[in-house]
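Visitor: No sequence on hand, only this structure:
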Ligand SMILES: *[C@@H]1O[C@H](CO)[C@@H](O)[C@H](O)[C@H]1NC(C)=O
Ligand SMILES: *[C@@H]1O[C@H](CO)[C@@H](O)[C@H](O)[C@H]1NC(C)=O
Ligand SMILES: *[C@@H]1O[C@H](CO)[C@@H](O)[C@H](O)[C@H]1NC(C)=O
């Protein structure tokens, strides 16, 4: 009898403890869900600097589908006894999430709130630039070891093509980046006036600090850029800014005798030969806060205040659109610009009349910029060869044997041109990047 009573008591205690456990689990699940809802409603949960902000209206971007890929796509709901994976909501991808959350998981997203590891890359694609833009993004993904976030501003009829192309990349590759496609738009305030004055596609980049209000920093690149070095390497230059720097660009020319601005410009320009805006690093937090000196009023103006009067004053004298406006602004605020060397923005100008980018001579080309359409015609076969090698490369193939070595062979056939003669510089750094990307993959 006593034995039974003991057993009964034990059972009772066990039942009580189980009940406690159930309640505990339930409570923590609810708590989790609550806090997750909060973070999700805070739409721009991107950089470390917006973590404290309340939900904000995003001008001109309503009705956009958030197409975040990779890490953020899965809700990091963990699979437990109380929510086995067959009972997870439809938008949670069971097994993969389970894998994701057990490796990067909760603690990963907690870390992200504090320190954003990603490089934020923006591009504006209009007209026939789809393929070129995808090749640029591919070069970024192939060589980078840290996660990336892409902000793709494109004409509406390109949106679906971007999404289906990027979504078709292998899952391993997709895990390295998030992306979002945006329409070409102007800040809501004064949108009508902006539209009257600015050609939408060409000037979109000037408005990025005002459209992406919640983003701290951004690397803007033209569509005809190819990364030959991981994106995080140029991103790291942000940390070299002194307290007055808010943007970084490369000079337009190394050689004043063939420079454009110093020979032809009818407006102020930065430094000896002007700056090229094809690769532009911005600390947009600072850009939005800065009061800029200018030659229109004695009062310093904010970014959103300076663009329109500047255009009105100079519209008859500018040739290269927004790049000219940037030259004018930084010529009047030179302390705000960090100038990086030419190998971060290497153009045909650097080799077309003989090699004149000394930094590239020493360390190789880091970012190739095939402006003037050289990826698509026969004027600079060396530039075209790099483009086609990356465009044709299939994810997952051995980059050394199917990309680098064939490219080196093709470049040897272009030495009848000046740029072809400098083309060993195109692969000098790329070779290192490929080796270290390969190592990174095998380590994982
Ligand atoms: C940009 O500038 C702000 C304000 O000075 C600073 O807090 C932030 O860390 C900078 N961002 C980066 C990526 O350096
Ligand atoms: C535009 O160019 C003309 C001719 O070079 C010059 O006289 C004029 O001052 C320029 N306008 C501005 C606003 O600099
Ligand atoms: C930052 O560097 C620029 C040169 O790139 C210089 O003109 C400026 O005075 C520096 N700012 C500070 C606060 O040291």
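Guide: Alright, I've got the coordinates. Note that the structure is a prediction, hence the values are computed from the model and not measured. Numbers count the residues shown, from 1 in each chain. Ligands and ions are numbered 1, 2, ... in the order given.
Visitor: and the spatially closest residue to residue 406 that is not a sequence neighbour, what element?
Guide: Nearest residue to residue 406 in three dimensions, chain neighbours excluded: residue 389, at 6.6 Å (CB to CB, 6 or more residues apart in numbering). For every residue, glycine as well, the C-beta is placed using N, CA and C. Element membership for residue 389, per DSSP states H and E: helix 381-392.
Visitor: any residues touching that helix, and which ones?
Guide: Helix 381-392 is contacted by residues 131-132, 135, 138-139, 142, 226, 228, 348, 351, 368, 370, 374-378, 403, 406-407, 410-411, 413-414, 417, 419-420, 422-423, 426 when judged by CB atoms under 8 Å, 6 or more residues apart in numbering.
Visitor: Likewise for stretch 338-346?
Guide: 234, 237, 240-242, 245, 247-251, 254, 271, 275-276, 278-279, 281, 350, 357-360, 363-369, 425, 429.
Visitor: Can you see whether it contacts ligand 1, counting any residue in it?
Guide: No: against ligand 1, stretch 338-346 shows no contacts by CB under 6 Å from any ligand atom, the least distance being 11.3 Å.
Visitor: so where do the strands sit in this protein?
Guide: Taking DSSP state E as the criterion, the chain contains strands spanning 119-125, 148-154, 177-183, 217-221, 225-227, 247-251, 275-283, 337-339, 367-369.
Visitor: Can you say which of these is nearest to ligand 2?
Guide: Proximity to ligand 2 (CB to the nearest ligand atom) singles out strand 275-283 among the strands of the chain, at 18.2 Å.
Visitor: and the angle from the closest one to strand 217-221?
Guide: Angle between the axes of strand 275-283 and strand 217-221 is 150 degrees (criterion: axes from the mean of the first three to the mean of the last three CA atoms, to 10 degrees).
Visitor: Return the list of strands paired to strand 275-283, each annotated with direction.
Guide: Next to strand 275-283 in the sheet, as set by DSSP bridges, lie strand 217-221 (antiparallel), strand 247-251 (antiparallel).
Visitor: Next, format the ones you listed as TSV and append mean pLDDT and distance to ligand 1.
Guide: Below are those laid out as TSV (pLDDT from 0 to 100; distance: least, CB to the nearest ligand atom, whole Å):
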stretch	mean pLDDT	distance to ligand 1
strand 217-221	98	4
strand 247-251	98	11
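Visitor: Report pLDDT for residue 69.
Guide: Note on residue 69: pLDDT of 33.
Visitor: coming back round to it: if you count neighbours, what's buried in the helix holding residue 389?
Guide: By neighbour count with 16 or more other CB atoms under 10 Å, helix 381-392 contains the buried residues 381-391.
Visitor: any idea which helix or strand comes after that helix?
Guide: Using DSSP H and E, the next helix or strand after helix 381-392 towards the C-terminus is helix 399.
Visitor: Can you list the neighbours in contact with that following helix?
Guide: 142, 393, 434, 437-438.
Visitor: and residue 357, backbone torsions?
Guide: phi -100, psi 100 (degrees, to the nearest 10).
Visitor: Relative to residue 218, which of the contacts of helix 399 is nearest.
Guide: residue 142 (21.0 Å; CB to CB).
Visitor: wait, what's in contact with the closest one?
Guide: By CB under 8 Å, 6+ apart, the contact list for residue 142 reads 390, 393, 395, 399, 437.
Visitor: Mind giving me the ChimeraX select for the residues you listed, buried ones only?
Guide: To isolate the buried ones among the contacts of residue 142 in ChimeraX, judged by 16+ other CB under 10 Å, type:
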select :390,393,399,437
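Visitor: Just put the contacts of residue 142 in CSV and tack on pLDDT.
Guide: Output for these, formatted as CSV (pLDDT from 0 to 100):
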residue, pLDDT
390, 98
393, 97
395, 96
399, 96
437, 91
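Visitor: State the pLDDT value of residue 109.
Guide: On the pLDDT scale, residue 109 is placed at 43.
Visitor: same thing with residue 57?
Guide: pLDDT, residue 57: 36.
Visitor: next one: the one 4 residues further on
Guide: Looking at residue 61, its pLDDT is 35.
Visitor: for the one 4 residues further on, same thing?
Guide: Residue 65 carries a pLDDT value of 35.
Visitor: Equivalent analysis for residue 6, please.
Guide: Confidence at residue 6, expressed as pLDDT, is 74.
Visitor: go on, the one 3 residues further on?
Guide: The pLDDT attached to residue 9 in the predicted structure is 69.
Visitor: Averaged pLDDT, stretch 268-277. What do you get?
Guide: Stretch 268-277 comes out with an average pLDDT of 96.
Visitor: Save the strands of the chain as TSV, and put in distance to ligand 2 too.
Guide: As requested, the strands of the chain are exported to TSV (distance: least, CB to the nearest ligand atom, whole Å):
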stretch	distance to ligand 2
strand 119-125	27
strand 148-154	29
strand 177-183	33
strand 217-221	26
strand 225-227	31
strand 247-251	22
strand 275-283	18
strand 337-339	21
strand 367-369	28
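Visitor: will you turn those into JSON lines that also has mean neighbour count?
Guide: Formatted as JSON lines, the strands of the chain follow (neighbours: other CB atoms under 10 Å):
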{"stretch": "strand 119-125", "mean neighbour count": "24"}
{"stretch": "strand 148-154", "mean neighbour count": "23"}
{"stretch": "strand 177-183", "mean neighbour count": "20"}
{"stretch": "strand 217-221", "mean neighbour count": "25"}
{"stretch": "strand 225-227", "mean neighbour count": "26"}
{"stretch": "strand 247-251", "mean neighbour count": "24"}
{"stretch": "strand 275-283", "mean neighbour count": "23"}
{"stretch": "strand 337-339", "mean neighbour count": "18"}
{"stretch": "strand 367-369", "mean neighbour count": "27"}
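Visitor: Go through the ones you listed and name the closest to residue 293.
Guide: strand 337-339 (12.8 Å).
Visitor: And residue 184, what's its pLDDT?
Guide: Per-residue pLDDT puts residue 184 at 94.
Visitor: from what I can see it touches residue 154, true?
Guide: Yes: if you go by CB atoms under 8 Å, residue 184 and residue 154 touch, sitting 7.2 Å apart.
Visitor: so of the contacts of helix 399, which ones are in helices?
Guide: 142, 434, 437-438 (DSSP state H).
Visitor: Looking at those, which is nearest ligand 2?
Guide: Nearest to ligand 2, judged by CB to the nearest ligand atom, of the ones in helices among the contacts of helix 399 is residue 142 at 44.2 Å.
Visitor: circling back: go through the contacts of residue 142 and say which is closest to residue 160.
Guide: Nearest to residue 160 among those, counting by CB to CB, is residue 395 at 21.1 Å.
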